[in-house]
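*Asks:* any chance you can model this:
(chains A and B)
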2 protein chains.
Amino acid sequence: MTALPPGSTIGILGSGQLGRMLALAAARLGLRTHIYGTDIDDPAMQVAHAHTISDWSDLRALARFGSECDVITYEWESIPVAAVEAAAKGRTVAPNIRALQTAQDRLIEKTFLRDTGLRTADFAAVDSEQGLRDALQSMGGRGVLKTRRGGYDGKGQAMIRSDDDLTAAWERLGGVPLILESLIEFSREVSVVAARGADGQVAAYPLTENEHRHHILHSSHAPASGDDGSAGEAARTILDALDYVGVMGVEFFDTPDGLLVNEIAPRVHNSGHWTQDAGCTDQFEQHIRAVAGWPLGSAAPKRAVVMTNLIGDDVDDWDTLARGPNTHLHLYGKADIRPGRKMGHVNRVG
Amino acid sequence: MTALPPGSTIGILGSGQLGRMLALAAARLGLRTHIYGTDIDDPAMQVAHAHTISDWSDLRALARFGSECDVITYEWESIPVAAVEAAAKGRTVAPNIRALQTAQDRLIEKTFLRDTGLRTADFAAVDSEQGLRDALQSMGGRGVLKTRRGGYDGKGQAMIRSDDDLTAAWERLGGVPLILESLIEFSREVSVVAARGADGQVAAYPLTENEHRHHILHSSHAPASGDDGSAGEAARTILDALDYVGVMGVEFFDTPDGLLVNEIAPRVHNSGHWTQDAGCTDQFEQHIRAVAGWPLGSAAPKRAVVMTNLIGDDVDDWDTLARGPNTHLHLYGKADIRPGRKMGHVNRVG
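*Replies:* Numbers count the residues shown, from 1 in each chain, chains lettered A, B, ... in the order given. You can find the predicted model right below:
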């Protein structure tokens, strides 16, 4: 695609904090954003040039939204494919719909990853309690049962280590398509955020080490130790295989046998927020550059950064956080503080 | 004043690129902005949470705008004081109206600066051709005649080195209040951008060296060589004397006898744009922090930066500029390219 000149409009499906930070990055480059979302008070609505408020089944509103944009992207991988297609109508969608479909279904995702030659946990589709029992046996009696679609931050998952667990897991999750994944013994969780431009150029940020608490990302350290380049290469393999344009987050388990891919997110990623204050092109600008057909910027940080999410009432400390030396505060404009809700983050530098 | 919590609304009078970059910085901190300006297509309108479009004499619109804001600031020193007062109506205006009045009139400004003990060019009020002739004689027959109010980027000024110049200058500028300033022999133009918080804390960025072309800022180098701290101290003197809250730009002539203050700008300043990519709190966030009653951030850059303005069709090179190593591109969302118009800037780091 030809690069979109300044003044062009990036259509963003989804209106959370990722859309907000994408809109801010686009504005820095002189590009406009039009946000599609369901609530006028959502974070991205406050900073976009234009917005459309409706739901994901309103195909007319989606088509009208799309007709006012020069390219369509999304900040959230659970947007219905039909909604994206209604908005697109011949316009470029970046990342493409195949990437979205792949990330929306854990079975398709894992199968795709295995087909590219990358290592993942063992996995099996599960459609019945007996099927679950059989699959579990093949994995040595232990595994994680997950819904194939939906689910985030640990929702839609059940750990199975016993027969009682199996029954409980089936009762809780059964009835929708499921996947059983083998339990992985890992020393740490790491990720790579990488971008691929419209010209096929790939730029991967360094390895990032992530700490989760209560299944929610708590903090990311970058660059992480022990980066042998294999995570970046895995990301490149995935991006190329999908003919992907935009930023992707790839999560890995670090095991004694090397990295296993856990999952991919076809969007800017919480574990890449540290790039905002690392002195390189940040992931939000990088995504905008990619989807607008611009050259990618540098993904080489000048400084080490620790990103910490502000979850729920953590954000009440904004006044103290704002005084922190070498601390950059980022808040999302969310009015209601709720437990587990991501309200902002801080990047601590150096 | 008490610090305004996240979610509060900063009212910004003026809708150009400075307002735009203030709005983007406010959004990063979870603060909302409401922009007052005369044209919906102006740079700041594209990124603000709310806007009011009217002119500077519409006191009802200004009052309504003000009633929806928690604090009022401005991005432009030529806004009529009556407009600011109409918007304020008991609300805090930061920087205060005295600072605005001081900066709006070169005679008041120079008199104020002299009264604080700082050195400036010699100056005299001029209200008649004979008065101009007398003042010029007292300055050795040479000087710069300027309108007391209005004028920017060299507009509203005339250099006088001869009797013919005098007649021409009077014919061009006479009829409004004028000031004659002595000609200064200087080796370079430098500036300091500094902030003062609501608690009186002052944070000055390092000395910046500026190059003008055709009376318009072309580039700024920071930190500049030969910073003995006197510029920062001068800025502190000015900020304290005005009981100022917010960011100010102070321009100096560097002469064999030390720094002379040229002028002050009661707002974020073009010569401070380099702070956006220097690894410290940038001037836009610093201004928002100050006017919102937040603690100031660090004004100590981690890296040297050269800022270059993109004037007129310079911006047509955006594609090449976006590829520049260690180059951060900032565009203002202006649709019409005109000669002399500031369309964006680049910060080149390290």
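
*Asks:* which residue does the stretch 151-300 of chain A bring closest to chain B?
*Replies:* Nearest residue of the stretch 151-300 of chain A to chain B, counting by C-beta to the nearest C-beta: A:Pro295, 4.7 Å away. The C-beta positions use only the backbone N, C-alpha and C, and glycine is treated the same way.

*Asks:* same question, the stretch 1-150 of chain A
*Replies:* A:Gly30 (2.7 Å).

*Asks:* grab the nearest non-local neighbour of that residue.
*Replies:* Sequence neighbours aside, B:Leu331 is the residue nearest to A:Gly30 in space, at 2.7 Å (criterion: C-beta to C-beta, 6 or more residues apart in numbering or on different chains).

*Asks:* before we move on, what about A:Asp122?
*Replies:* That would be A:Ser182: by C-beta to C-beta, 6+ apart, it lies 4.0 Å from A:Asp122.

*Asks:* cool, A:Ala88 as well?
*Replies:* Per C-beta to C-beta, 6+ apart, closest to A:Ala88 is A:Ile72, 5.4 Å.

*Asks:* pull the number of nearby residues for A:Gly151.
*Replies:* Neighbour count for A:Gly151, taken as other C-beta atoms under 10 Å in any protein chain shown: 15.

*Asks:* would you verify that it is located in a helix?
*Replies:* No: A:Gly151: not assigned to a helix; according to DSSP: H, G, I helix; E, B strand; the rest coil it is coil.

*Asks:* circling back: quick one: contacts for the residue nearest to A:Asp122?
*Replies:* Contacts for A:Ser182 (C-beta atoms under 8 Å, 6 or more residues apart in numbering or on different chains) come out as A:Ala121, A:Asp122, A:Phe123, A:Met139, A:Gly140, A:Arg142, A:Gly143.

*Asks:* what of A:Gly37?
*Replies:* When contacts are counted by C-beta under 8 Å, 6+ apart, A:Gly37 touches A:Leu13, A:Gly14, A:Ser15, A:Gly16, A:Gly19, A:Ala44, A:Met45, A:His51, A:Thr52, A:Ile53.

*Asks:* would you map the strands across the stretch 151-300 of chain A?
*Replies:* A:157-160, A:178-181, A:188-196, A:202-204, A:208-213, A:216-222, A:246-255, A:258-265 (DSSP state E, counting those that start in this stretch).

*Asks:* could you look over these and pick the most buried one?
*Replies:* strand A:188-196 (a mean of 26; mean count of other C-beta atoms under 10 Å in any protein chain shown).

*Asks:* show the average pLDDT along it.
*Replies:* Across strand A:188-196, pLDDT averages out at 98.

*Asks:* check the offset of that strand from the chain's centre.
*Replies:* How far strand A:188-196 lies from its chain's middle: 10 Å, per C-alpha atoms, centre = their mean, to the nearest Å.

*Asks:* other SSEs contacting it?
*Replies:* Other helices and strands packing on strand A:188-196, by 3 or more C-beta pairs under 8 Å, 6 or more residues apart in numbering or on different chains; DSSP states H and E, are strand A:202-204, strand A:208-213, helix A:230-241, strand A:246-255, helix A:283-291.

*Asks:* just put these in TSV and tack on mean pLDDT.
*Replies:* TSV is the format used below for the helices and strands packed on strand A:188-196 (pLDDT from 0 to 100):
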stretch	mean pLDDT
strand A:202-204	98
strand A:208-213	97
helix A:230-241	98
strand A:246-255	98
helix A:283-291	98
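
*Asks:* can I get the ones you listed in a markdown table with distance to B:Arg348?
*Replies:* Converted to a markdown table, these look like this (distance: least, C-beta to C-beta, whole Å):
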| stretch | distance to B:Arg348 |
| --- | --- |
| strand A:202-204 | 19 |
| strand A:208-213 | 27 |
| helix A:230-241 | 27 |
| strand A:246-255 | 24 |
| helix A:283-291 | 16 |
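
*Asks:* how much space between the residue nearest to A:Asp122 and A:Glu263?
*Replies:* 15 Å (C-beta to C-beta, to the nearest Å).

*Asks:* got the domain boundaries for chain A?
*Replies:* The record assigns chain A these domain ranges, following automatic domain parsing: A:9-93, A:122-181, A:188-349.

*Asks:* where among those domains is average confidence lowest?
*Replies:* Lowest mean pLDDT of those: domain A:122-181, a mean of 92.

*Asks:* ok, and the closest non-adjacent residue to A:Arg338?
*Replies:* Once flanking residues are discounted, A:Arg338 sits nearest to A:Gly312: 6.4 Å by C-beta to C-beta, 6+ apart.

*Asks:* and that neighbour, what does it touch?
*Replies:* Here A:Gly312 is in contact with A:Ile337, A:Arg338, A:Pro339, A:Gly340, A:Arg341, A:Met343 (criterion: C-beta under 8 Å, 6+ apart).

*Asks:* next one: it from A:Val250, what distance?
*Replies:* 27 Å.

*Asks:* do the same with A:Glu189
*Replies:* Distance, A:Glu189 to A:Val250, by C-beta to C-beta: 12 Å.

*Asks:* for A:Ile72, phi and psi?
*Replies:* phi -120, psi 130 (degrees, to the nearest 10).

*Asks:* OK, contacts around it?
*Replies:* Residues in contact with A:Ile72 (C-beta under 8 Å, 6+ apart) are A:Gly11, A:Leu13, A:Gly66, A:Val84, A:Ala87, A:Ala88, A:Arg91, A:Thr92, A:Val93, A:Ala94.

*Asks:* again, but for A:Ser230
*Replies:* By C-beta under 8 Å, 6+ apart, the residues touching A:Ser230 are A:Gly258, A:Leu259.

*Asks:* and what of the one 3 residues further on?
*Replies:* Taking C-beta under 8 Å, 6+ apart as the definition of contact, A:Glu233 has no neighbours.

*Asks:* swap the cut-off to 10 Å and go again
*Replies:* Applying C-beta atoms under 10 Å, 6 or more residues apart in numbering or on different chains to A:Glu233 gives the contacts A:Leu118, A:Val192, A:Ala194, A:Val202, A:Ala204, A:Leu259.

*Asks:* A:Leu207 now?
*Replies:* Listed by C-beta under 10 Å, 6+ apart, the contact set of A:Leu207 reads A:190-193, A:221-232, A:252, A:254, A:259.

*Asks:* now with 8 Å?
*Replies:* Per C-beta under 8 Å, 6+ apart, neighbours of A:Leu207: A:Val190, A:Ser191, A:Val192, A:Ala222, A:Pro223, A:Ala224, A:Gly226, A:Asp227, A:Ala231, A:Gly232.

*Asks:* the residue nearest to it when sequence neighbours are not counted: neighbour count?
*Replies:* In space, and not counting its chain neighbours, A:Leu207 is closest to A:Asp227: 3.8 Å by C-beta to C-beta, 6+ apart. Applying other C-beta under 10 Å, we find 16 residues neighbouring A:Asp227.

*Asks:* surely A:Asp227 is in contact with A:Pro206?
*Replies:* Yes: judged on C-beta atoms under 8 Å, A:Asp227 makes contact with A:Pro206 at a distance of 5.7 Å.

*Asks:* follow-up on the earlier one: from the contacts of A:Gly37, keep the buried residues only.
*Replies:* Among the contacts of A:Gly37, those classed as buried by neighbour count (16 or more other C-beta atoms under 10 Å in any protein chain shown) are A:Leu13, A:Gly14, A:Ser15, A:Gly16, A:Gly19, A:Ala44, A:Met45, A:His51, A:Thr52, A:Ile53.

*Asks:* in JSON lines: those residues, plus distance to chain B and secondary structure.
*Replies:* What follows is the buried ones among the contacts of A:Gly37, written out as JSON lines (distance: C-beta to the nearest C-beta, whole Å; DSSP: H, G, I helix; E, B strand; the rest coil):
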{"residue": "A:Leu13", "distance to chain B": "19", "secondary structure": "strand"}
{"residue": "A:Gly14", "distance to chain B": "17", "secondary structure": "coil"}
{"residue": "A:Ser15", "distance to chain B": "13", "secondary structure": "coil"}
{"residue": "A:Gly16", "distance to chain B": "14", "secondary structure": "coil"}
{"residue": "A:Gly19", "distance to chain B": "12", "secondary structure": "helix"}
{"residue": "A:Ala44", "distance to chain B": "10", "secondary structure": "helix"}
{"residue": "A:Met45", "distance to chain B": "8", "secondary structure": "helix"}
{"residue": "A:His51", "distance to chain B": "11", "secondary structure": "strand"}
{"residue": "A:Thr52", "distance to chain B": "16", "secondary structure": "strand"}
{"residue": "A:Ile53", "distance to chain B": "15", "secondary structure": "strand"}
